[in-house]
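Novice: From the sequence below, what's the structure:
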Amino acid sequence: MLDSTETAASKVSTAVRAVAGVAIVATFFVLYKSWNQPILDQHAFRQTQTAISAYWISKNWYFFNYQTPVLGYPWMIPFELPVYQWIVAIIATLLPINLDQAGRVVSLGFFLLSYIPLKGIVGRINSHKDLPIFIFAILMLSPIYLFWSRAFLMESTALFFSLSFVYSVAKYLQRQSLVGFALMTICAILAACIKITTYVSFSFAGAMFVIHDMWVYRRNIFKRSEILKYIAIALSVILSVAVLEVWVQYSDALKDKLQFGYLLTSKNLFYWNFGNLHQRLSSKLWSVVFGRAMEQTLGSPLIFWTVAGMSLMGSRKTLILQALCFALYISNFLIFTNLHIIHDYYQYSNAIFLVVGVSLGVWESFHKFSASIFATLFACFILVELIGFKLYFYHDMINQSNAPQTLALANYLRKNTASNEVVVGFGLQWASDVPYYAERRAFLVPDWHVPKALSVMSGVDPAFAGLLKVGAVVNCPNQLIEMDDMKVKYSDYMHFVEQTLYPHTVAGCVVYTWDK
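Specialist: Model (predicted):
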């Protein structure tokens with residue numbers, strides 16, 4: 001009986017490593033398919049916004065006051081601490097690859113590095129050497145991680161530092177040291193300032209380790225050493241929040257200097273970030289939680305419900321761990337509700353909890369039932385994940401419908417304007433895609449808020465361009481002419497442009513430049 005159990009365990013170990021190998025191949029295959037493609041697939045707005053910041057960092061190496069030049073002089077609308085952007089700029093400078101490729105490499109690199117803290121965290125839950133590999137293999141093949149881990153976003157950077165924070169908390173609970181406190185605090189600060197929407201749920205995960213430790217050592221909880229241990233962890237979190245607050249105040253002050261950058265301050269984005277109670281109770285949110293998010297994380301919600309049903313017959317410990325993972329998964333939806341309803345890439349921050357919870361259920365099927373049931377569940381899980389990736393992401397990754405117009409405009413602007421000139425854009429909203437690929441600073445006038453913008457738009461040396469010259473005006477289809485309070489100002493400015501510059505039709509838009 002013992003021999004058969006050992007044989008089954010050996011087969012499971014071999015299967016786990018084989019699937020991990022498949023996951024690595026799939027991960028790099030997706031990177032390979034994306035390697036020479038522009039970052040114009042899903043949420044190109046956010047990807048190119050991150051990329052244009054990295055591009056201008058590589059030109060001037062600003063850090064705290066880095067530029068995202070799409071809303072005019074003085075060009076700064078900082079959101080996150082630009083750790084990811086800086087690393088991308090350095091990699092693109094040192095290696096013979098372009099900025100798009102550097103962004104993909106750094107993003108994927110941080111995702112793969114996340115295995116290190118994840119392994120440490122899982123090791124505190126279950127000592128089996130194959131379990132971290134099993135969980136990470138499933139994570140790598142999860143559609144949402146397979147796709148977004150090669151995108152030009154700081155999501156994986158925030159994930160790495162957030163996981164590292166939780167791991168450092170777990171280690172600090174086991175052994176206290178000044179170095180351990182320093183590492184824990186640094187990870188907390190970086191995670192919070194890179195992307196607070198990721199850090200929050202992981203701070204809850206760290207708190208769960210603390211509560212568990214308090215329960216285990218409850219007889220000694222009032223000892224000086226125990227109290228100091230918990231105070232140190234609390235201080236680490238408090239410092240991260242304090243530094244974040246300083247960063248938010250500083251970044252808001254920079255945004256206020258732009259013509260309508262005030263719209264992007266933390267105060268004005270409060271509803272955009274958090275939503276309201278009605279949204280939290282709405283079917284729209286819960287269809288994301290149990291529908292879209294589960295589809296893009298697991299391939300199908302059926303995986304979740306199947307494993308959840310089997311877990312009821314599993315061990316009490318695993319069921320509790322799964323419940324905690326699901327609570328962490330849900331917590332982010334309930335805090336940053338509006339963001340999750342609108343953007344599917346925000347689930348990158350909390351989908352890992354769903355993957356871990358489901359993985360624990362599948363893993364227990366081997367010990368509770370049999371190796372054959374485990375193998376069947378494992379194979380079905382992986383197959384559904386790959387089908388899910390094909391359904392939800394692969395088409396958009398390969399066929400970028402908006403790329404031709406964007407690249408045509410950008411190429412034209414790059415060839416027909418000087419590198420130190422500014423581009424004015426109508427009908428481009430305030431997306432960074434055209435300015436990024438044109439490698440030009442821009443003043444983009446979105447349809448949804450233009451009064452203050454148009455009020456400063458006159459003459460050839462406008463305030464919104466600083467001391468730089470306007471090299472081109474891009475006029476794409478927009479609704480400004482239909483807005484009664486704007487049509488006069490818009491028409492007056494375009495009349496001035498038409499009398500001063502020369503029109504050229506490019507990709508369905510009219511581009512006015514100084515050359516015929």
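
Novice: switch to C-alpha atoms for all contacts and neighbour counts from now on
Specialist: Fine.

Novice: Where does pLDDT dip in the stretch 401-516 of the chain?
Specialist: For the stretch 401-516 of the chain, the stretches flagged by pLDDT under 70 are 449-461, 481-488.

Novice: swap the cut-off to 80 and go again
Specialist: For the stretch 401-516 of the chain, the stretches flagged by pLDDT under 80 are 401-402, 447-463, 479-492, 516.

Novice: same question, the stretch 201-350 of the chain
Specialist: Where the stretch 201-350 of the chain drops to pLDDT under 80, the residues are 259-263, 313-314.

Novice: Return the residues in contact with Leu183.
Specialist: Leu183 sits next to Ser168 when contact means CA atoms under 8 Å, 6 or more residues apart in numbering.

Novice: That one and Phe165: what is the separation?
Specialist: 8 Å (CA to CA, to the nearest Å).

Novice: quick one, phi/psi of the spatially closest residue to Tyr262 that is not a sequence neighbour?
Specialist: Nearest residue to Tyr262 in three dimensions, chain neighbours excluded: Asp256, at 4.7 Å (CA to CA, 6 or more residues apart in numbering). Here is the backbone geometry of Asp256 (degrees, to the nearest 10): phi -60, psi -20.

Novice: swap in the one 3 residues further on?
Specialist: Taking degrees, to the nearest 10, you get phi -60, psi -40 for the backbone angles of Gln259.

Novice: Next: Gln479.
Specialist: Backbone dihedrals for Gln479, given as degrees, to the nearest 10, come out at phi -110, psi 10.

Novice: The residue nearest to Tyr262: how many residues sit nearby?
Specialist: Residues near Asp256, counting by other CA atoms under 10 Å, number 16.

Novice: Who are the contact partners of the residue nearest to Asn399 when sequence neighbours are not counted?
Specialist: Using CA to CA, 6+ apart and skipping the chain neighbours, the partner closest in space to Asn399 is Asp41 (7.9 Å). Going by CA under 8 Å, 6+ apart, Asp41 touches Asp396, Met397, Asn399, Gln400.

Novice: Give me the buried positions along the helix or strand hosting Pro503.
Specialist: Pro503 belongs to strand 502-506 when assigned by DSSP states H and E. Residues Tyr502, Pro503, Val506 are the ones in strand 502-506 that count as buried (16 or more other CA atoms under 10 Å).

Novice: Among those, which one sits closest to Leu480?
Specialist: Using CA to CA, Pro503 comes nearest to Leu480 of these, at 19.1 Å.

Novice: correct me, but that closest one touches Thr513?
Specialist: Yes. Between Pro503 and Thr513 there is a contact at 6.7 Å, judged by CA atoms under 8 Å.

Novice: Residues contacting stretch 142-149, please?
Specialist: Outside stretch 142-149, the residues that touch it by CA under 8 Å, 6+ apart are 27, 30, 104, 107-108, 111, 139-140, 155-156, 296-299, 345, 347-348, 385-386, 388-389, 392-393.

Novice: Kindly recompute the last result at 7 Å.
Specialist: The set of residues external to stretch 142-149 that reach it, using CA atoms under 7 Å, 6 or more residues apart in numbering, is 27, 107-108, 111, 139-140, 156, 296-299, 348, 385-386, 388-389, 393.

Novice: my guess is Asn332 meets Ser203, correct?
Specialist: No. The pair Asn332 and Ser203 does not pass the contact test of CA atoms under 7 Å, sitting 11.3 Å apart.

Novice: List the neighbours of stretch 88-106 that are in contact with it.
Specialist: Trp35, Pro38, Ile39, Ala54, Tyr55, Ile57, Ser58, Arg150, Ala151, Phe152.
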